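Novice: structure here, sequence nowhere to be found:
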């Protein structure tokens, strides 16, 4: 997929792409007549641009360390995929008052920034039962607001009908007279959380009987697709030696590596924030270099973070010095993850 994005950047754009806070990529300079060909090329590698704009439910985002993080309670990726399938082309939600964004996290360290979303879902357990803390009405932009808890605990099996109740209530109550007042954060603020919650709960009571368990059967199938890769056991001496001897490598390791649930592995964040460059931009050559690294060292997996960086979620520590060397050759070894220069920017 990353190689296909590189091809699209070179063929139809100006040789680069811009990775976004929605964990997507933007091509900002294609000719309108080329759009059908671009969409066809994306479809060839199981990618699309459905609901990436417009007043719809946008792509669902999750913790970019999901399934790998040492601090994770539960993997949010199957939940995000279930929500994606439910929301894609949903006939009731194709002309909402304004765009609508959902995020899911399965970690107490909220890397999905759930409180800045229209719906934020925090996975947790109560008396051994899986469920969610549901947050509503967060957002950034010209009127930033922190989301409010609408349900302290929602059982897993109630997730889709409850989310549908929230969006359905917003679709009726949200303003359409002023697009700057049309997001759900304004709807909750103007009507009050208690009023909005009461309306959601009433709608949920109507919707819940319509969900007979097919969504839970689908979730079980989705979970199988997110099985962990086959981790290997090997010595980590190469990483330990490089860390002790090379201060440049040590600086990169201190900032750009995160703890993995497997002690022999690390999560690698590839910074797209080289000093003096546009945050989030990557050239076609850089995309191919990252694809090569994923294929050689990362179980064929790359992810995009909402901080507009690229993640190798499963890397054995013995491979880290080789990865760092390739990143240096391609201008991708900036050691600044989480620092002030790791800034986000919207090119749109």
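Specialist: Right, received. Where do you want to start? Remember, it's a predicted structure, so these values are computed and weren't measured experimentally.
Novice: going along the chain, name the helices of the stretch 1-150 of the chain.
Specialist: With DSSP state H, counting those that start in this stretch as the criterion, the stretch 1-150 of the chain has helices at 2-12, 35-44, 77-87.
Novice: deepest-packed of these, please.
Specialist: For the helices of the stretch 1-150 of the chain, the stretch with the most neighbours on average is helix 77-87, a mean of 21; neighbours defined as mean count of other C-beta atoms under 10 Å. Just so you know, the C-beta spots here come from the backbone N, C-alpha and C atoms, and that holds for glycine as well.
Novice: coming back round to it: figure out which of the helices of the stretch 1-150 of the chain is closest to residue 338.
Specialist: With C-beta to C-beta, the closest approach to residue 338 among those belongs to helix 77-87: 22.5 Å.
Novice: residue 307 and residue 339 touch, don't they?
Specialist: No. Distance between residue 307 and residue 339: 11.1 Å, which falls outside the contact criterion (C-beta atoms under 8 Å).
Novice: give me the mean pLDDT for stretch 211-222.
Specialist: When the per-residue pLDDT values of stretch 211-222 are averaged, the result is 97.
Novice: in contact with residue 265, which residues are there?
Specialist: For residue 265, the contact set (C-beta atoms under 8 Å, 6 or more residues apart in numbering) comprises 68, 231, 314-317.
Novice: what's the answer for residue 187, then?
Specialist: Applying C-beta under 8 Å, 6+ apart, we find residue 187 in contact with 97, 137, 170, 173-175, 196.
Novice: which element is it on?
Specialist: Element membership for residue 187, per DSSP states H and E: helix 184-191.
Novice: circling back to that earlier point, same list (the contacts of residue 187) but as a markdown table, adding distance to residue 204.
Specialist: As requested, those are exported to a markdown table (distance: C-beta to C-beta, whole Å):
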| residue | distance to residue 204 |
| --- | --- |
| 97 | 20 |
| 137 | 17 |
| 170 | 13 |
| 173 | 15 |
| 174 | 18 |
| 175 | 22 |
| 196 | 12 |
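Novice: which ones among these map onto helices?
Specialist: In helices, judged by DSSP state H, the following of these are found: 170, 173, 196.
Novice: so which of the residues you listed wins on neighbours?
Specialist: For the ones in helices among the contacts of residue 187, neighbours were counted using other C-beta atoms under 10 Å, and residue 170 has the most, 26 neighbours in all.
Novice: just the pLDDT for it.
Specialist: 98.
Novice: and the residue nearest to it when sequence neighbours are not counted, how many residues sit next to it?
Specialist: Computed as C-beta to C-beta, 6 or more residues apart in numbering, the closest residue to residue 170 that is not its neighbour in sequence is residue 184, at 4.8 Å. If you count neighbours by other C-beta under 10 Å, residue 184 ends up with 30.
Novice: state the distance from residue 184 to residue 137.
Specialist: With distances defined as C-beta to C-beta, to the nearest Å, the gap from residue 184 to residue 137 amounts to 6 Å.
Novice: again with residue 109
Specialist: According to C-beta to C-beta, residue 109 stands 22 Å off from residue 137.
Novice: neighbour count: those two, which is higher?
Specialist: When neighbours are counted by other C-beta under 10 Å, residue 137 comes out ahead of the other of residue 109 and residue 137, with 26 against 12.
Novice: is it correct that the more buried one is in contact with residue 149?
Specialist: No. Proximity of residue 137 to residue 149 does not meet the contact threshold set by C-beta under 8 Å, at 10.0 Å.
Novice: what is the nearest of the contacts of residue 187 to residue 264?
Specialist: Of all these, the one sitting nearest residue 264 is residue 137; the distance, using C-beta to C-beta, is 42.0 Å.
Novice: and the pLDDT at the closest one?
Specialist: With respect to pLDDT, residue 137 scores 98.
Novice: okay, domains of this protein per the record?
Specialist: Domain assignment for the chain, taken from automatic domain parsing, gives 2-44, 76-225, 237-329.
Novice: got those domains as TSV, with distance to residue 344 columns?
Specialist: Putting these into TSV (distance: least, C-beta to C-beta, whole Å) gives the following:
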stretch	distance to residue 344
domain 2-44	6
domain 76-225	10
domain 237-329	5
